[in-house]
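A.B. asks: predicted model follows, preceded by the sequence.
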Amino acid sequence: MPNATLATNKSLAENEFDVGIIGLGYVGLTLATALADSGLKVLGVERRQDVVDKTNAGEPHFHEQGLEYMLKSVLKKGNLRATTSLAPEINCKVYIITVGTPLGPDGAARLDFMRNAASEVASNMRDGALVMLRSTVKIGTTREVVKPILDESGKQYLLAMCPERTLEGKALEELQRLPQIIGSDDPESREAAARFFHRLTPTVVQFPRFETAEIIKLVDNTYRDVQFAFANEIARACEPFGVNAMDVIEGGKLGYPRTNLAIPGLVGGPCLEKDPHILNESLSRFGIELGITKAARKVNEVQPFETIANICRIYKARTGRLPSRIAMFGVAFKGIPETNDLRGTMAALVHQAVLAEVPDAQVSIYDPATLRDEVEAMFSNAVFTDNITDALADVDLLLITNNNPAFAKLRIEELLGYMNKDSLIYDYWNHFARIRPEDRGDRYFSVGGLEAAHELMFGQASEAVNR
């Protein structure tokens, strides 16, 4: 009964809060907990009743290093409570909007959550309140969407854009270390936001426009997407020639300061899968298209379909049939730092690609961090398994789809020993790249590491070159 707890808790009885966090997703809950740990009195507002209940019970609804301990601590001190709405009697000095901005069916960023949150804040705030946006938004959202809603209230307020930039798995650490970006048109709002965030971090960077802060967040993530896309391009370029991309990448940058290529692999997650699209969408009304940004995202989105088609072709060339039983290891969007977050996971596209090649495939999933219910809800026709041996029983093909360090501790021969005699392993993260090729054997393949099978894939092209 979270709302009843809010009303009866002695330290919160006056319904006065230093800060209200609107949205208790990943960004909102970590920020709310960190602010409460700094001594502020924090109210978290979240429409999902189950999230409110878990928060008030000290149970984060996602995995984040150190979060559960800190959440229980601030709840015990009476510094944090969650509720489903901003009741009229509640008063906050500061409001921070952290709601999601997912892509809609049309590929554009949805703003309905942002409009609803801004309307709720406008209705509840008192004169002089500081309102800050933390969500990743289309450029111009602070000025063109949120500000008009707040203006309609007729109240005096301060407004700033302060984007979230933390890394999942290190959020609590980075909230105290990363510089905070603040963009606002007026100095009073910027200074108020700077004073607020100095409670968490010693470094605050101020800019005189909302849009500067909005663009910085989009550029940060788009830059990483482009970097990873180029690494995936290199992997594609190496495979037809039977060259291992990891040799090219690691050898080329060894002692050479002007090249620092990323490692190829699946590129997704709740930010990288959508922020490049939001950046391009922001510019479409001006007739501008960011070609590199668009092309990089396409490379990363197409990769699962190309790679699954290739490994299925190799399997069929060796056995005369397509793989029918397939295992996927690691379906959270990343494994370092470990997370159970399935938002934007490229494993979902890998799964789609598998079913496109083998429509009747039986798929088993193993992930040491994710929960069965969440996995089975996303991968509706797959079977979640709690252990490696069950996941690999009678399997033709193992796909390692994230970089959880637990997978690098496994042995190739051990994995193959659980599988069928003609089975193959395809590793999207090159967990065993440092093992000599002769020790990896001819049943292990990776992104940019199909050199052992390049004659099966590109034999005709090779013959044409030789002639």
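C.D. replies: Yes, it's here.
A.B. asks: would you map the helices across the stretch 101-250 of the chain?
C.D. replies: Along the stretch 101-250 of the chain, counting by DSSP state H, counting those that start in this stretch, helices occupy 112-124, 141, 147-151, 171-175, 187-197, 210-238, 245-253.
A.B. asks: do you know which of those lies nearest Met70?
C.D. replies: helix 171-175 (6.5 Å; Cβ to Cβ). In this view, the C-beta of every residue, glycine as well, is placed from N, C-alpha and C.
A.B. asks: in that closest one, which residues are buried?
C.D. replies: Neighbour counts using 16 or more other Cβ atoms under 10 Å place 171-172, 174-175 of helix 171-175 among the buried residues.
A.B. asks: for this structure, give me the ranges with low pLDDT.
C.D. replies: 1-13, 451-467 (pLDDT under 70).
A.B. asks: re earlier: can I get the buried residues of helix 171-175 in TSV with distance to Asp373?
C.D. replies: TSV is the format used below for the buried residues of helix 171-175 (distance: Cβ to Cβ, whole Å):
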residue	distance to Asp373
Ala171	24
Leu172	26
Glu174	29
Leu175	29
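A.B. asks: just give me the neighbour total for Leu200.
C.D. replies: The number of residues packed near Leu200 is 19, by other Cβ atoms under 10 Å.
A.B. asks: show me what contacts the residue nearest to Pro102 when sequence neighbours are not counted?
C.D. replies: Distances taken as Cβ to Cβ, 6 or more residues apart in numbering place Arg110 nearest to Pro102, at 5.6 Å, with adjacent residues excluded. Residues near Arg110 by Cβ atoms under 8 Å, 6 or more residues apart in numbering: 101-104.
A.B. asks: check contacts around Pro304.
C.D. replies: Counting by Cβ under 8 Å, 6+ apart, Pro304 touches 266, 346, 349-350, 352-353.
A.B. asks: Pro60: which of those residues is nearest?
C.D. replies: Distances from Pro60 to these, taken by Cβ to Cβ, are shortest for Met346, at 24.1 Å.
A.B. asks: now, among the buried residues of helix 171-175, which is nearest to Ala382?
C.D. replies: Nearest to Ala382 among the buried residues of helix 171-175, with distances taken as Cβ to Cβ, is Ala171, at 29.2 Å.
A.B. asks: ok, the residue lying closest to the closest one once chain neighbours are set aside - contacts?
C.D. replies: Of all residues not flanking Ala171 in the chain, Thr30 sits nearest, at 4.3 Å (Cβ to Cβ, 6+ apart). Contact partners of Thr30, counting by Cβ under 8 Å, 6+ apart, are 64, 67, 166, 171-172, 175.
A.B. asks: and Thr30, backbone torsions?
C.D. replies: Torsion angles at Thr30 (phi, psi; degrees, to the nearest 10) stand at phi -70, psi -40.
A.B. asks: start the count at 42, not 1, going forward
C.D. replies: Done: numbering now begins at 42, and the last item shifts to Thr71.
A.B. asks: on that earlier part again, out of the contacts of Pro345, what pair is the most spread apart?
C.D. replies: Checking those with Cβ to Cβ, the most distant pair is Leu307 and Gln393, at 12.8 Å.
A.B. asks: when these two are compared, which one has more neighbours?
C.D. replies: Set Leu307 next to Gln393 and count neighbours by other Cβ under 10 Å: Leu307 wins out with 25 against 14.
A.B. asks: ok, the more buried one to Lys179 distance?
C.D. replies: 26 Å (Cβ to Cβ, to the nearest Å).
A.B. asks: Asp78 too?
C.D. replies: 32 Å.
A.B. asks: who has more neighbours, the two?
C.D. replies: Lys179 (23 against 20).
A.B. asks: just to revisit the earlier point, could you tell me which of the contacts of Pro345 belong to helices?
C.D. replies: With DSSP state H as the criterion, helices contain 390-391, 393-394 from among those.
A.B. asks: by neighbour count, which of the residues you listed wins?
C.D. replies: Val391 (24 neighbours).
A.B. asks: and stretch 367-378, end to end?
C.D. replies: 26 Å (Cα to Cα, to the nearest Å).
A.B. asks: buried ones in it?
C.D. replies: 367-376, 378.
A.B. asks: distance to Gln403 for these - can I get that in CSV?
C.D. replies: Formatted as CSV, those follow (distance: Cβ to Cβ, whole Å):
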residue, distance to Gln403
Ile367, 7
Ala368, 10
Met369, 12
Phe370, 16
Gly371, 19
Val372, 16
Ala373, 22
Phe374, 24
Lys375, 26
Gly376, 24
Pro378, 32
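A.B. asks: what's the farthest-apart pair in those residues?
C.D. replies: For those, and using Cβ to Cβ, no pair is farther apart than Ile367 and Pro378, which are 27.3 Å apart.
A.B. asks: can you redo the contacts of Pro345 as a markdown table with distance to Phe269?
C.D. replies: Shown next, in a markdown table, are those (distance: Cβ to Cβ, whole Å):
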| residue | distance to Phe269 |
| --- | --- |
| Leu307 | 9 |
| Met387 | 11 |
| Leu390 | 15 |
| Val391 | 16 |
| Gln393 | 20 |
| Ala394 | 18 |
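A.B. asks: quick one, helices of the stretch 392-508 of the chain?
C.D. replies: 413-419, 429-433, 446-449, 453-459, 478-481, 495-507.
A.B. asks: give me the neighbour count for Ala254.
C.D. replies: 25.
A.B. asks: contacts only, for it.
C.D. replies: If a contact means Cβ under 8 Å, 6+ apart, then Ala254 has 201-204, 222-224, 248 as its contacts.
A.B. asks: please name the nearest non-neighbouring residue to it.
C.D. replies: Distance criterion Cβ to Cβ, 6+ apart; nearest residue to Ala254, sequence neighbours excluded, is Gly224 at 2.9 Å.
A.B. asks: residue contacts, Pro228?
C.D. replies: Pro249.
A.B. asks: ok, it to Phe425 distance?
C.D. replies: The span separating Pro228 from Phe425 equals 54 Å under the rule Cβ to Cβ.
A.B. asks: checking my notes, Ala373 in a helix, right?
C.D. replies: No: applying DSSP: H, G, I helix; E, B strand; the rest coil, one finds Ala373 to be coil, outside a helix.
A.B. asks: for Met387, see how far away it is.
C.D. replies: 11 Å.
A.B. asks: with Cys133 instead?
C.D. replies: From Cys133 to Met387 the distance is 38 Å (Cβ to Cβ).
A.B. asks: what about the strands in the chain?
C.D. replies: 57-63, 83-86, 121-124, 132-138, 170-174, 198-202, 221-224, 245-248, 366-370, 403-407, 424-425, 438-441, 465-468, 485-487 (DSSP state E).
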